[in-house]
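**Q** Dropping a prediction and its sequence here:
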Amino acid sequence: MPDLADKARYERQVRLFGSDGQRRLKRATALVVGAGGLGSSVSVYLAVAGIGRLIIVDGDVVEESNLNRQILHWIKDIGRPKAVSAAETIRGLNPEVEVEAVADFADEENLTCLVAGADLVVDALDNFPSRYLLNRAALERGLPLFHGAISGFDGQATTIIPKKTPCLRCVFPRSPQKETSPAIGATCGIIGSIQTSEVIKYLTGKGELLSGRLLIWDGLRSRCDEIEIERNPRCIDCGGRREL
């Protein structure tokens with residue numbers, strides 16, 4: 001059972017999924033790749049929910065232009081590695097969470113090692129070449145991948161379960177043209193909160209996941225749409241990994 005401090009902190013969410021659900025959160029390790037706008041929202045809400053361990057990966061440094069949306073970082077953090085700044089903020093929010101800061105960009109070599117120590121993977125990246133590497137690493141390890149992306153007022157999210165759902169490359173077989181997307185903090189908060197809710201549901205066994213579905217958020221109309229997504233049997237990442 002949670003101790004008295006945990007009981008006070010988590011009392012309102014324990015009503016939703018019980019002490020056993022809280023223990024599942026406490027035992028879990030989440031790999032969050034990206035400490036920008038999405039990674040900020042995801043990391044903050046996983047930490048305050050009581051995730052046991054966070055591995056935060058980002059090779060960038062904090063810039064002033066990040067501060068409109070990347071709530072893990074403050075003015076004092078400008079010039080510091082994002083992963084280090086993120087870990088410091090998380091420890092201040094919930095010192096019971098174990099945080100590992102990886103101040104490096106995600107690549108094929110380090111992702112193979114990082115996913116080996118995680119129970120689930122959160123895609124908080126801003127480019128598809130890196131997302132494809134993360135997708136493949138999660139598939140090879142058999143870990144769920146919680147995808148999110150934003151552009152301006154718009155965003156998207158889906159949950160990928162290896163051997164059961166389409167993978168990221170099934171949904172996006174070719175990388176969109178790289179560009180610096182406009183962004184506001186609120187959109188990062190919306191999509192990051194959806195990703196975090198998916199993680200919590202996955203770990204506690206509550207609700208229905210966004211598996212096999214791509215959620216589309218249109219912020220200018222304040223509407224959500226949903227697209228059913230299908231596995232591509234010729235997918236170069238997951239084509240041979242399907243359980244019938």
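**A** Here it is on my side, so go on. Numbers count the residues shown, from 1 in each chain.
**Q** Tell me the buried residues in the longest helix anywhere in the chain?
**A** In the chain, with assignment by DSSP state H, the single longest helix is helix 4-27. For helix 4-27, burial by neighbour count (16 or more other C-beta atoms under 10 Å) applies to 6, 9-10, 13-14, 17, 21-26. (Glycine included, C-beta is placed from N, CA and C.)
**Q** what's the farthest-apart pair in those residues?
**A** Farthest pair in the buried residues of helix 4-27 (C-beta to C-beta) is R9 and R24. Separation: 16.1 Å.
**Q** before we move on, back to that, for the helix or strand following the longest helix of the chain, packing partners?
**A** Next in sequence after helix 4-27, counting helices and strands by DSSP states H and E, comes strand 29-33. Under the contact criterion of 3 or more C-beta pairs under 8 Å, 6 or more residues apart in numbering; DSSP states H and E, strand 29-33 touches helix 37-49, strand 53-57, helix 108-115, strand 120-123.
**Q** now strand 29-33: how far from the chain's centre is it?
**A** The chain centroid and the centroid of strand 29-33 are separated by 7 Å under C-alpha atoms, centre = their mean, to the nearest Å.
**Q** what angle do that strand and helix 37-49 make?
**A** Orientation check (axes from the mean of the first three to the mean of the last three C-alpha atoms, to 10 degrees): strand 29-33 against helix 37-49 gives 160 degrees.
**Q** Now do strand 29-33: everything it contacts.
**A** With contacts defined as C-beta atoms under 8 Å, 6 or more residues apart in numbering, strand 29-33 is touched by 39, 42-43, 46, 51-58, 106, 111, 114-115, 117-125, 130, 134, 199.
**Q** I'd like the mean pLDDT over that strand, please.
**A** For strand 29-33, mean pLDDT rounds to 98.
**Q** so what strands line up beside that strand?
**A** Strand 29-33 pairs in its sheet with strand 53-57 (parallel), strand 120-123 (parallel), by DSSP bridges.
**Q** mind checking which of those is nearest R234?
**A** Of all these, strand 120-123 comes closest under C-beta to C-beta, at 22.6 Å.
**Q** helices and strands around the helix or strand just after the closest one, which ones?
**A** Sequence order places helix 128-141 as the next helix or strand after strand 120-123, per DSSP H and E. Applying 3+ C-beta pairs under 8 Å, 6+ apart, one finds that helix 128-141 contacts helix 108-115, strand 120-123, strand 145-151, helix 168-171.
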